[in-house]
Structures are given as C-alpha cells and as structure tokens.
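A.B. asks: Got a predicted structure plus its sequence, pasted below:
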Amino acid sequence: MKNNLLIGIIAFLIFSSSYSVLLCAEDALNERESLTAALWQQTSSEYRALCYQAFNVAYDRIQMDLMKEWPKPRSVIVDLDETVIFNAKYNATDVIREQEYPKEFYEWIASGDATLIPGAGEFLKFIDKEGYAIFYVTNRRDECTDITLQQIIDLDLPQADSEHLLMRGSDDTKQGRRDKVGEDHSVILYIGDNCVDFLGDYYNESIEERKNITDSLHTEWGRKFIILPNPLHGSWKKALYHGLDKWLSGDENLHYKASLLEIVE
Ligand SMILES: [Mg+2]
C-alpha cells in the first residue's frame, strides 16, 4: 500500500513536471512572438535605419518627379500609424499588459506621448514646401477624428487640417479614398506600413494571394510605393487566418501559427 502511494506520487511529479515544461515552452513561444517584435521596433538601430531609408528613397523620388510635368496638382498619400506616427510605446504596452488594440489606443493618441517615425517629419515638410498636397489616409475609426486631427497638429505636421485627413468611414480597404484623391490630383507616391496602404486588393486575401499581388507589383516598390517596417500588426496577421471558419484560442492558436511555418525536413 505504502509502495503504491509512493509510485503514485512519483508518477504525479513526473507528469506534472513534464506538463509544466510543456506549458513553459508554449508560454515562452507566446511571449516571444510579440515581445521580440516590440523590442526590435523600440530598441534596434536596424528599425530606425529602415525608416530613414524609406524616407530617403521617397525624397529621391520626389527630386526626380520635380523635373516632370503632370496634368493635375501633385500629391502624396501617407498612412499615419507606424508610417508617420511612432506608436512603439503603445505597442509595447499591449505586449507587456497582454492587451490588444484598440484597448487604450484613444487614450494613447490623446496623451500626446507619440513621436514621429524617423525621417517622416523632414520629408513631409520638404514636399509641403515643394507644393505637393499631402493626404493622411488612416484606418483609425471616425470617432477619433478630432483627437487625430489635434495629434497631427501637435506633431507639427504640414497640411494638418480636416481636408487632408481622411478617416476610415466604411472604406476598409482605403481604395475609395485613394481613388477620390486621384480624381483631382496626380498621386506621385504612396507611403505606408501595410500593403493595404497601397492597394485595396490586399484586403481579406490569403497569404499566397498577397504574395502574388506583391510580386505582380515588383516594379513599384521603392518607386511609387514606399513601405516601412512593422512586425507587430497589419493585414499580414489577418491573412494568417484566411479561410479558417473557427476562432482559435490559446495553445490551439499557437500550434496553428507554428504549422504555417516552413522548416527544414
Ligand atoms: Mg499603419
């Protein structure tokens, strides 16, 4: 009897320790996923370098464009979050507090703590001086129009007024707003951190289809389309679940995401 009890205790200890090792491994995976992305965005010089690179390319494209003639007034369309406005502190808060956008995002906008993406302010002031119309096309919800407008004014961005700030409305893909700008302007550059900032066709597409669209546009990147890095969020994350008809939670979600990776056989 005593022996059976001892064997039972040993078996329980072995089972619980291997279970906790398994849980620890999964917790670590879950944490690593966004923690590393937030660290990279907030601490790496590589992130900053890519931002400067994007706006240097944009600057060079404008210098070339200034030698051309266009039938309509020139304009540049830019996204806001993670393109012009640097939300790394908010993004990291989401990771540390295990909360998800849009929780506390409006408070973050109103806090005045956000800064500019490296290179963005200088570039926008340059094209403003050269006479380009700037349209801030954001998918922030309409209810934060006033605080968004105040934010871009406070960040000293040029053309920060309601005519140049185009909020989401029902235009999830942004294509409607881009087309509208294109009716009266020659759009020289599109700048964003999400492929939906360039073409509405990306919206709600699969991973493969998104890659196909990107390949079909290969001559536009760095020329008409200037893209900035964002490892934390964007429509690429939604594409991971394209075609899935159920919501995955916890470990199931983690295993599903791991299954999407190709690894060495
Ligand atoms: Mg963005």
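C.D. replies: Arrived safely. Numbers count the residues shown, from 1 in each chain.

A.B. asks: Please count neighbours and contacts with C-alpha atoms only from this point.
C.D. replies: OK.

A.B. asks: for the longest strand seen in the chain, packing partners?
C.D. replies: Counting residues, the longest strand found in the chain (DSSP state E) is strand 186-192. The contact analysis (3 or more Cα pairs under 8 Å, 6 or more residues apart in numbering; DSSP states H and E) places strand 186-192 against helix 45-65, strand 74-78, strand 225-227.

A.B. asks: what does it contact?
C.D. replies: 58, 62, 65, 70-80, 82-83, 181, 197-198, 223-228 (Cα atoms under 8 Å, 6 or more residues apart in numbering).

A.B. asks: List buried residues within those residues.
C.D. replies: 58, 62, 74-80, 82-83, 181, 197-198, 223-228 (16 or more other Cα atoms under 10 Å).

A.B. asks: follow-up on the earlier one: which of the contacts of strand 186-192 come close to the ion?
C.D. replies: residue 82 (Cα under 5 Å from the ion).

A.B. asks: closest one to residue 114 among the helices and strands packed on strand 186-192?
C.D. replies: helix 45-65 (15.6 Å; Cα to Cα).

A.B. asks: Now do that closest one against strand 186-192, angle only.
C.D. replies: If you take axes from the mean of the first three to the mean of the last three Cα atoms, to 10 degrees, helix 45-65 sits at 180 degrees to strand 186-192.

A.B. asks: mind listing what's buried in helix 45-65?
C.D. replies: 47-48, 50-55, 58-59, 61-62.

A.B. asks: Number of residues surrounding residue 116?
C.D. replies: Look at residue 116: counted by other Cα atoms under 10 Å, it has 20 neighbours.

A.B. asks: confidence score at it?
C.D. replies: Residue 116 carries a pLDDT score of 98 in this model.

A.B. asks: Now do the phi/psi pair for it.
C.D. replies: Phi and psi for residue 116, reported as degrees, to the nearest 10, are phi -100, psi 150.

A.B. asks: again with the one 5 residues further on
C.D. replies: Backbone geometry at residue 121, expressed as degrees, to the nearest 10, gives phi -60, psi -50.

A.B. asks: Same check on residue 85?
C.D. replies: phi -100, psi 130.

A.B. asks: The chain should start at 513 in everything you say after this.
C.D. replies: Okay, residue one is now 513; in that scheme the one you just asked about reads as residue 597.

A.B. asks: which ones are touching the closest residue to it other than its chain neighbours?
C.D. replies: Computed as Cα to Cα, 6 or more residues apart in numbering, the closest residue to residue 597 that is not its neighbour in sequence is residue 628, at 4.7 Å. Applying Cα under 8 Å, 6+ apart, we find residue 628 in contact with 596-598, 667.

A.B. asks: And the pLDDT at residue 517?
C.D. replies: For residue 517, the predicted pLDDT is 50.

A.B. asks: what's the closest non-adjacent residue to residue 567?
C.D. replies: residue 631 (5.8 Å).

A.B. asks: List phi and psi for that neighbour.
C.D. replies: Torsion angles, degrees, to the nearest 10, at residue 631: phi 90, psi -20.

A.B. asks: Report the contact partners of it.
C.D. replies: 563-564, 567-568.

A.B. asks: if you set the cut-off to 10 Å instead, what comes out?
C.D. replies: Neighbouring residues of residue 631 by Cα atoms under 10 Å, 6 or more residues apart in numbering: 560-568, 571, 596.
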